[in-house]
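S.K.: Mind looking at a prediction? Sequence and model below.
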Amino acid sequence: MPLFFDEYPRQTLIPDPKTMVIDRLLPGIDELLDRSWRYISVAKIGWGLPLLIENQQLRDRVKLYRDKGIDVSNGGTLLELASSKNKVGIALDHLLQSGFSTIEMSEGVIDIPRKEKKTIVEFARQNSMKLHIEVGRKNVGNQLSLDDTIDRVNSALDFDPDVVIIEGRETGKSVEIYDSEGHIKWDWVSKIMETFDSSKIMFEAPLEEQQAQLITRIGPSVNLGNISLHSVLPLQSQRMGFRGDTFGGHVSLEIITGSPAAKFVYHIIASHMSIDQGQISRISGLSRRTVQIAIDSLTSQEVIKVSNDPRDMRHHIYSVERIS
Amino acid sequence: MPLFFDEYPRQTLIPDPKTMVIDRLLPGIDELLDRSWRYISVAKIGWGLPLLIENQQLRDRVKLYRDKGIDVSNGGTLLELASSKNKVGIALDHLLQSGFSTIEMSEGVIDIPRKEKKTIVEFARQNSMKLHIEVGRKNVGNQLSLDDTIDRVNSALDFDPDVVIIEGRETGKSVEIYDSEGHIKWDWVSKIMETFDSSKIMFEAPLEEQQAQLITRIGPSVNLGNISLHSVLPLQSQRMGFRGDTFGGHVSLEIITGSPAAKFVYHIIASHMSIDQGQISRISGLSRRTVQIAIDSLTSQEVIKVSNDPRDMRHHIYSVERIS
Amino acid sequence: MPLFFDEYPRQTLIPDPKTMVIDRLLPGIDELLDRSWRYISVAKIGWGLPLLIENQQLRDRVKLYRDKGIDVSNGGTLLELASSKNKVGIALDHLLQSGFSTIEMSEGVIDIPRKEKKTIVEFARQNSMKLHIEVGRKNVGNQLSLDDTIDRVNSALDFDPDVVIIEGRETGKSVEIYDSEGHIKWDWVSKIMETFDSSKIMFEAPLEEQQAQLITRIGPSVNLGNISLHSVLPLQSQRMGFRGDTFGGHVSLEIITGSPAAKFVYHIIASHMSIDQGQISRISGLSRRTVQIAIDSLTSQEVIKVSNDPRDMRHHIYSVERIS
């Protein structure tokens, strides 16, 4: 349930999601953080931008985030570039000295030798830095299959990272879970969410429509990355259920028990004022039988309610049971 | 006619259009307003953002606008959320105390009971606040028809609002006058403009191409909403006729008399250097006969001129009569 | 080769490309320039924005750029508007007095009489201002052909401008080298690059994907215009080869000798980790024979290397020879 002007504490979601912003080094960051720092977990200064500004400017930027308790991460390509130049050690030292608190390791363009990966992971551990591992290739003509993606997430988890990031680039198109129009391939998302602990997975979701849809389907606590700094407050509003797309909020997924199908159906119902079984089946792509079993489970948990369609009393419609 | 460096006062359009910006609470608003305050009528702090920042931060933000004479409005979803939680009174008090000068009421997600609508309208009146009513649903799968839209605008006008806003969301796609690509459905626009007093209607038009097209067709004084703060100056430039799309400006619609078709044809001619009757017919979707009648009317008003096409002297082309 | 943390001077490309930004007069420009001034050649204050703000505000804005050694240009439409109002002299004086250091002349909407063009060019020369001439029409329904474009670039070069700009508008769609989706028409680009000295041509490329592709194909020193201020650092990162699209950087085009096809093939190879002849042929649209000749030339220059595909030893793959 979303919280309102008279409800405190207002700014809480359980579990607390990770939101990773992407920083283009635009002006006014201090003023922006004053209003939105509590909704940002980590800022990525990617794209090789650390190589383009003066060292002191980089340190000052990183410090602004760290002073608010926000982690700061490199973009993975920087270490791939370092690897290709045999300069991983130099890069890691530079990041540490500049105040970065998180190391992102990726294989978006090249493969990093296994031994070098271990060096990177150990460097992070020895220096009490967090570890993010990104899975996915940047080249749209040379993408991983879903099975390869699952395999690589598994391999990444062997390094015990704080989170595994699914590549979305800054365009949100033609990589991993996104098709060439930026639409979400839901079979990919379902498979990934079923296979792994959701708190360990972060989807890069640069477009606001992608953010809204992932929140609607997976729930408000989904970890999201590559968020533009100008989207931080609108995104948090989506998470809280204050906007049209996610109106009325969500019961925390934590309290819904049962199959993934039940959780999926719950979130479809929660994102509509009222909906019938045929619509749920069409939107979810689940069979009517699976939808029926999910509805029975949700009804017995008393998190949804059934009523008669006022326009056709033989017809059932479903809505979320608002919990006071 | 647009005004130039040596023409004063430069910043005037008659009638004065309403421009409603949407505020994401980004940094630098004071500097931005120093340059562009005179082109903004009202700022909407929507999306539930007032629920995400500290009360003092909200009051400070609102005050920056009010000190420049700019109205500040909530987003309608906030009151829908309040209604669903039985907290409309709390929400209205909070907005008033925070300095808001305009109340926006909408039914984008849920229907608000008629009695509650009256409460909202009376609250605005008693506190000398302006009233905006938004028409249109946010859910792209559950849109109003054109006839429903007309009906709802009529119902909204019964409350005597300062303006009725036609929903465009922040995407400008798949709602009301926009198709799924963000193209404008001109039959909707024509019907709305024919039916209502244009000074009472505001189109949300978040994309700059939509703004350019609405100005070209309806005229520079069309009320536009959901304008990004970074579009304020470019939009005003369109209104003044300083850009490619609207080059050379417009005779104020006020001085064109005759049918809506005549005004429409005038603006098509005004947005081209020269154009023939077939092109006008194709662009407007009006029959050749209607176009001919409109041209006769405009010629007799001496606001357009007819010349022979230099490439084919039997062929007439039309252009705007520049008034000194 | 891109330069890394320990390589100095870091911020150098030879030849030094021109990057023209488009300024919407957004806040925070002084802070932004502190970090990125060295990557901006010229700022265009277009769209008639100089007509919308106070003279002192305009002078202050221009001075911020000039103090960093960045040129400031008008948008061409302003002089077209002046021409249509017989006020070119007034406009030029106003620009000079406001501190502009570059005059942009265009025929995007109307044709400027030849005598007036000479006046403009002479004014620029007499006042030691730079001269930019833009080629291309703004109206998407009335575009130049490729041959017309070539003719007009030729005519523009007769005035000895600092650069000829190929129109891209701020949308990057449906004008000159862009189709209605914003994809690049490579036959246009190839023809333009073959016909003219590339240092004299600037492509307006407002979308970041367009920038990445032009850099990948033409090389890091391509002159680019209509760059959003928030794209300056990401663009420079592309030029330096720090991002996924342009990973690993480029040998300066200057040192590649031979046919345009050889340079084109070199840049395709440089933008992939490794690639075979069939792929090069498909991407470039060049015949296999032309590709083979180009490869022979590049191999003999020792700027690419040939190896056997580890998965099929009878198969050759090509990659860039990294120069230490």
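M.R.: On my side now, so go ahead. Numbering: from 1, shown residues only, chains lettered A, B, ... in the order given.
S.K.: ok, now how distant is the single nearest residue of the stretch 101-250 of chain A relative to chain B from residue B:105?
M.R.: Nearest residue of the stretch 101-250 of chain A to chain B (CB to the nearest CB) works out as residue A:242 at 2.6 Å. C-beta: built from backbone N, CA, C; applies to glycine. According to CB to CB, to the nearest Å, residue A:242 stands 17 Å off from residue B:105.
S.K.: Between these two, which has more neighbouring residues?
M.R.: Between residue A:242 and residue B:105, counted using other CB atoms under 10 Å in any protein chain shown, the more crowded position is residue A:242 (27 against 23).
S.K.: Can you pull the residues of chain A lying near chain C?
M.R.: Chain A comes close to chain C at residues A:24-28, A:47-49, A:51-53, A:57, A:77-78, A:80-82, A:84-85, A:87, A:90-91, A:94, A:108-110, A:138-139, A:169-171, as judged by CB under 8 Å from any CB of the partner chain.
S.K.: Out of the residues you listed, list just those in helices.
M.R.: A:57, A:77, A:78, A:80, A:81, A:82, A:84, A:90, A:91, A:94 (DSSP state H).
S.K.: So for the residues you listed, which is the shakiest by pLDDT?
M.R.: Comparing pLDDT over these, the lowest score belongs to residue A:84 (86).
S.K.: if I look at that one, how far off is residue C:246?
M.R.: Applying CB to CB to residue A:84 and residue C:246 gives a distance of 13 Å.
S.K.: More neighbours: these two, which one.
M.R.: Each of residue A:84 and residue C:246 has its neighbours counted (other CB under 10 Å); residue C:246 has more, 25 against 17.
S.K.: Tell me who's in contact with that one.
M.R.: Residue C:246 is in contact with C:212, C:215, C:216, C:220, C:238, C:239, C:240, C:271, counting by CB atoms under 8 Å, 6 or more residues apart in numbering or on different chains.
S.K.: Please name the nearest non-neighbouring residue to it.
M.R.: Sequence neighbours aside, residue C:238 is the residue nearest to residue C:246 in space, at 5.0 Å (criterion: CB to CB, 6 or more residues apart in numbering or on different chains).
S.K.: Residue A:48 reaches residue C:242, doesn't it?
M.R.: Yes. With contact defined as CB atoms under 8 Å, residue A:48 and residue C:242 form a contacting pair (2.6 Å).
S.K.: domain ranges for chain A?
M.R.: When chain A is parsed with automatic domain parsing, its domains come out as A:19-250, A:254-320.
S.K.: Tell me which of those domains is the most buried.
M.R.: Stretch with highest mean neighbour count among the domains of chain A: domain A:19-250 (a mean of 20; mean count of other CB atoms under 10 Å in any protein chain shown).
S.K.: Let me see the ranges of the helices in chain A.
M.R.: A:29-36, A:55-66, A:76-84, A:88-97, A:114-126, A:146-157, A:186-195, A:208-218, A:232-240, A:260-270, A:277-284, A:288-300.
S.K.: excluding its backbone neighbours, what's nearest residue A:174?
M.R.: Distances taken as CB to CB, 6+ apart place residue A:140 nearest to residue A:174, at 4.0 Å, with adjacent residues excluded.
S.K.: got a list of what that neighbour touches?
M.R.: Per CB under 8 Å, 6+ apart, neighbours of residue A:140: A:173, A:174, A:175, A:180.
S.K.: hmm, 10 Å instead?
M.R.: By CB atoms under 10 Å, 6 or more residues apart in numbering or on different chains, the contact set of residue A:140 is A:169, A:171, A:173, A:174, A:175, A:180.
S.K.: Distance check, the last one against residue B:144.
M.R.: Going back to what we said before, that points to residue A:180. According to CB to CB, residue A:180 and residue B:144 sit 31 Å apart.
S.K.: how long is stretch A:265-276 end to end?
M.R.: 11 Å (CA to CA, to the nearest Å).
S.K.: scratch that, stretch A:214-232 is what I was asking about
M.R.: 15 Å.
S.K.: mean confidence for it?
M.R.: For stretch A:214-232, the mean per-residue pLDDT is 93.
S.K.: Next: stretch A:170-182.
M.R.: Stretch A:170-182 shows a mean pLDDT of 92.
S.K.: How about the contacts made by the residue of the stretch 101-250 of chain A found nearest chain C?
M.R.: Proximity of the stretch 101-250 of chain A to chain C (CB to the nearest CB) peaks at residue A:138, 3.4 Å away. By CB under 10 Å, 6+ apart, the residues touching residue A:138 are A:76-77, A:80, A:106-109, A:167, A:169, A:175, C:243-245, C:247.
S.K.: Quick one: residues contacting the nearest residue to it once chain neighbours are set aside.
M.R.: In this structure, residue A:138 finds its nearest non-sequential neighbour in residue C:244, 3.4 Å apart by CB to CB, 6+ apart. By CB under 10 Å, 6+ apart, the contact list for residue C:244 reads A:46-47, A:75-77, A:80, A:106, A:108-109, A:137-139, A:167, A:169-170, A:175, C:212, C:238.
S.K.: Distance of residue C:244 relative to residue C:43?
M.R.: Going from residue C:244 to residue C:43 by CB to CB gives 28 Å.
S.K.: Residue A:280 touches residue A:316, doesn't it?
M.R.: No. Using CB atoms under 10 Å, residue A:280 makes no contact with residue A:316, being 11.0 Å away.
S.K.: shared neighbours of these two, anything?
M.R.: Between them, residue A:280 and residue A:316 share these contacting residues under CB under 10 Å, 6+ apart: residue A:295.
S.K.: hang on, isn't residue A:234 packed against residue A:207?
M.R.: No. Here residue A:234 does not reach residue A:207: they are 11.9 Å apart, not a contact under CB under 10 Å.
S.K.: Now for those two: what residues contact both?
M.R.: residue A:228.
S.K.: per-residue confidence for residue A:269?
M.R.: Listed pLDDT for residue A:269 reads 78.
S.K.: ok, now which ones touch it?
M.R.: A:275, A:279-280, A:294-295, A:298, A:303-305, A:317-321.
S.K.: quick check, nearest of the contacts of residue C:246 to residue C:5?
M.R.: Closest to residue C:5 out of the contacts of residue C:246 is residue C:240 (12.7 Å), distances taken as CB to CB.
S.K.: How much space separates the most centrally placed residue in chain A from residue A:175?
M.R.: Geometric centre of chain A, nearest residue: residue A:224, 2.0 Å, by CA atoms, centre = their mean. Distance, residue A:224 to residue A:175, by CB to CB: 15 Å.
S.K.: Kindly report the same for residue A:121.
M.R.: Distance from residue A:121 to residue A:175, by CB to CB: 24 Å.
S.K.: where does residue A:318 land on pLDDT?
M.R.: pLDDT for residue A:318: 88.
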